[in-house]
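[1] Here you go, sequence then predicted model.
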Amino acid sequence: MNSAIGKLYPTTKFFVLLALVIVCIFQPGWQLQYLMLPVVLVISLLAGTAKQFLGTFFKSIFIIILFIFAIQVFIVANEDAQPIWAFIHFSQTGLDESLTMTSKIAAISSLVICYFQVTSVQDIIFAMEKGGLPKKVTFVISSTIQLIPQMSALSKTITDAQRSRGIETEGSLIVRAKAFVPMLGPLVLSSIQQIEERVLALESRAFSSKAKKTSIYEIEKTAADHALSWLSLLAVIAYIVGRVV
């Protein structure tokens, strides 16, 4: 977050993200979309988040892409399917369709992953509040964004605690299934307890008060933010005009 990219205003990065996503969605073919992957990787390198980006991408999106390729190219029966073995065959039509489909998934998902890795939740919430969104809306959004990381960290803590008590949490699928029930109870109870603590914390900060609030944390838009925002808007307009003409 301390890089030049990370210090950009959240809405500036969002406008750049939105412009690139629009281009990836409406651009025919798959070359430009797959070209977005090295572009995002370079951005991650400049922002210092390349390791986290590659880890997240290969653990999630890459697996989905491989699955779609396998189904579309070797399983789905098309008119030009060439048999290989049993129900497995090769289809050029399936290959073309899978390239088009997976290129959009890879481009858009990599852009979204990069955005959240170079933008803190605190910055996003601050920008939304400055934009005039109601506090309840910003709270719901921030809670949704933080839900998965919080549950993951809590699950890891509970797993370590149960392992220290002698419960087997690693091994075969049956062993993992047996360990799931002892972990589920503490996870649910801890989540309920956290909700109660969060409610008390919000009330102590006068969350429901109608008075205007001040914030110690401040982010200011710079000249670079305004320039990038306008460039993103002009790029989208130019692309739409170009496609129509």
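    That came in fine, so what should we check first? Numbers count the residues shown, from 1 in each chain.
[2] Following the chain past the lowest-mean-pLDDT helix or strand in the chain, name the next helix or strand.
    Lowest mean confidence among the helices and strands of the chain (mean pLDDT, DSSP states H and E): helix 173-204, at a mean of 69. Downstream of helix 173-204, the next assigned helix or strand under DSSP states H and E is helix 223-244.
[3] helices or strands next to the helix or strand where residue 40 lies in the packing?
    Assigning secondary structure by DSSP H and E places residue 40 in helix 31-47. Counting contacts by 3 or more CB pairs under 8 Å, 6 or more residues apart in numbering; DSSP states H and E, helix 31-47 packs against helix 10-26, helix 50-59, helix 92-118. Where C-beta positions appear, they are placed from N, C-alpha and C, glycine not excepted.
[4] Tell me which of the ones you listed approaches residue 79 most closely.
    Distance to residue 79, taken as CB to CB, is lowest for helix 92-118 among the helices and strands packed on helix 31-47, at 7.0 Å.
[5] and the nearest residue to residue 98 once chain neighbours are set aside, what does it touch?
    Of all residues not flanking residue 98 in the chain, residue 72 sits nearest, at 3.7 Å (CB to CB, 6 or more residues apart in numbering). Neighbour list for residue 72: 91, 94, 95, 97, 98, 101 [criterion: CB atoms under 8 Å, 6 or more residues apart in numbering].
[6] burial of the fourth one, as a residue count?
    In terms of burial, residue 97 registers 16 neighbours under the definition other CB atoms under 10 Å.
[7] now it: how far from residue 60?
    Per CB to CB, to the nearest Å, residue 97 is found 22 Å from residue 60.
[8] ditto for the third one
    The spacing between residue 95 and residue 60, counted by CB to CB, is 23 Å.
[9] and if you look at the last one?
    For residue 101, the distance to residue 60 equals 16 Å [CB to CB].
[10] Who has more neighbours out of the two?
    Per other CB under 10 Å, whichever of residue 101 and residue 60 has more neighbours is residue 101, with 16 against 12.
[11] Look at the spatially closest residue to that one that is not a sequence neighbour and say how many residues are nearby.
    Leaving aside its sequence neighbours, residue 101 sits nearest to residue 68 (CB to CB, 6+ apart; 6.1 Å). Using other CB under 10 Å, residue 68 has 17 other residues around it.
[12] so residue 68 touches residue 98, yeah?
    Yes. Proximity of residue 68 to residue 98 meets the contact threshold set by CB atoms under 8 Å, at 5.6 Å.
[13] which stretches of the chain have low pLDDT?
    By pLDDT under 70, the weakly predicted segments of the chain are 1-2, 80-81, 86, 148, 165-182, 191, 202-211, 214.
[14] Find the residue at the geometric middle of it.
    residue 113 (4.0 Å; CA atoms, centre = their mean).
[15] my guess is that one contacts residue 50, does it?
    No. Using CB under 8 Å, residue 113 makes no contact with residue 50, being 11.6 Å away.
[16] rewinding a little: quick one: the residue nearest to the centre of the chain and residue 94, what's the gap?
    27 Å.
[17] follow-up on the earlier one: out of the helices and strands packed on helix 31-47, flag the one nearest residue 128.
    With CB to CB as the criterion, residue 128 lies closest to helix 10-26 of those, at 8.2 Å.
[18] Right, I'll call it a day here.
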